[in-house]
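Visitor: Let me see the structure of the following:
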Amino acid sequence: MQGGVSGFQNAPVTRAVALASGLLSVIFSAQRRGRALSISYQGIVENFRLWKIFPSVFAFQSTPELMFGLYLLYYFRVFERQMGSNKYSVFCLFTITVSSLLEIFSLVLLKDTNYISALASGPYGLIFASFVPFFIDIPVTSQFRIFGLNFSDKSFIYLAGLQLFLSSWKRSLIPGIFGLVAGSLYRLNVLSIRKMKVTSDIYFTVYASIPQIIASFFARYFAPSSGNASRPSRSLVRNTPSQTGRAVQNPSSTGFAPIVEPPESSVAMLVSMGFDGNAARQALMRARNDINVATNILLEAQSR
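Guide: Predicted coordinates for the structure are as follows:
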């Protein structure tokens, strides 16, 4: 029941979701505005604060929720490796959208019952939707007994999910249940959702924009205000892929500028978007490891 290679290799979508969840949780916690992220009928429907939906989808309200949530997100990266990043993007968009709509609908129904006034924030929909394929597709590889009780290697994941499920009682129960519903609908292939794919240009635009947004945020709010202190960080972010590659000599070049061999992570990212591995490598070499330029090269080649 291992998640494959360590880290987020071959799981760029999971890495982006975990990064967004962790950073937003820390930022709102530092500003002591975690409770303001809760989805409530008054905030969403009456005051029409739709901007709260986006941070509420990713940011947890407490440290224990964040710890268990990131642990589960990290483990469930195994599904991105099984499906491929393209189909996993559809899975994330579908489950997050369906669970969020169901949460808002439940608040509309319960507004006059005083049963609950707000729901817990965080990627509950995505996490608990992942328990559906986890229950069905992931086999038990080992079993053991503790104090006379039978456990398996999957038990720890279920216990972490139960802790997150009950972390805020009714406020977390409802998002967790709707996450399971969204995962079941995806499993049942409602509207043929499992056959859908995100086009390569949309996938790259969404994925590549996340680190740029994060870099911009920190450059604006945390970097020194004097001079052009924020400019070097942009160059570093932009040139990071080329620094990890290995320089090789270009025999056809009359100058001294080397051709940098693409890092495997960049090739894997393009392959996960549906491109051929050799074509992705050649495009990256032509683009000097600029993934954006390489993607445009590949898309132009496909359109011919």
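Visitor: contacting residues for Val267?
Guide: 277, 280-281, 284 (C-beta atoms under 8 Å, 6 or more residues apart in numbering). To be clear about C-beta, it is placed using only N, CA and C from the backbone, and glycine gets the same treatment.
Visitor: let's see 10 Å
Guide: Counting by C-beta atoms under 10 Å, 6 or more residues apart in numbering, Val267 touches 261, 275, 277-278, 280-281, 283-284, 291, 294.
Visitor: Have a look at the residues you listed and tell me the least confident one.
Guide: Within the set of the contacts of Val267, pLDDT is lowest for Phe275 (77).
Visitor: shouldn't it be in contact with Leu299?
Guide: Yes: Phe275 lies in contact with Leu299 (C-beta atoms under 10 Å); the separation is 9.0 Å.
Visitor: how many neighbours does Met285 have?
Guide: 17 (other C-beta atoms under 10 Å).
Visitor: That one sits in which helix or strand?
Guide: helix 277-286 (DSSP states H and E).
Visitor: Give me the packing partners of the following helix or strand past that helix, helices and strands only.
Guide: Sequence order places helix 291-303 as the next helix or strand after helix 277-286, per DSSP H and E. If you count contacts as 3 or more C-beta pairs under 10 Å, 6 or more residues apart in numbering; DSSP states H and E, helix 291-303 packs onto helix 200-221, helix 231-243, helix 264-272, helix 277-286.
Visitor: Lowest average confidence across the ones you listed, which one?
Guide: Across the helices and strands packed on helix 291-303, the lowest-scoring stretch is helix 231-243, with a mean of 41.
Visitor: quick revisit: could you list the buried residues of the helix holding Met285?
Guide: 279-285 (16 or more other C-beta atoms under 10 Å).
Visitor: Kindly report the same for stretch 9-25.
Guide: Buried, per 16+ other C-beta under 10 Å, within stretch 9-25: 10-25.
Visitor: closest to Phe134 among those residues?
Guide: Thr14 (14.0 Å; C-beta to C-beta).
Visitor: Surely the closest one touches Phe79?
Guide: Yes: under the criterion of C-beta under 10 Å, Thr14 makes contact with Phe79 at 8.5 Å.
Visitor: Let me see the contact set for Glu85.
Guide: Actually, residue 85 is Ser. It isn't Glu. Counting by C-beta under 10 Å, 6+ apart, Ser85 has contacts 10-14, 16, 198, 203, 207, 268-269, 271-274.
Visitor: Find the nearest non-adjacent residue to Arg145, please.
Guide: Phe151 (7.1 Å; C-beta to C-beta, 6 or more residues apart in numbering).
Visitor: Surely the one you found is in a strand?
Guide: Yes: counting by DSSP: H, G, I helix; E, B strand; the rest coil, Phe151 is found in a strand.
Visitor: in terms of contact, does it touch Gln143 like I think?
Guide: Yes: if you go by C-beta under 10 Å, Phe151 and Gln143 touch, sitting 6.9 Å apart.
Visitor: Compare these two (neighbour count), which wins?
Guide: Shown here are Phe151 and Gln143; by other C-beta under 10 Å, Phe151 has more neighbours (15 against 11).
Visitor: The more buried one and Leu93, how far apart?
Guide: 34 Å (C-beta to C-beta, to the nearest Å).
Visitor: cool, and Glu80?
Guide: 13 Å.
Visitor: Likewise for Leu180?
Guide: Taking C-beta to C-beta, one finds Leu180 at 17 Å from Leu93.
Visitor: which of the two has more neighbours?
Guide: Neighbour comparison, Leu180 and Leu93: the larger count goes to Leu180, with 21 against 16 (by other C-beta under 10 Å).
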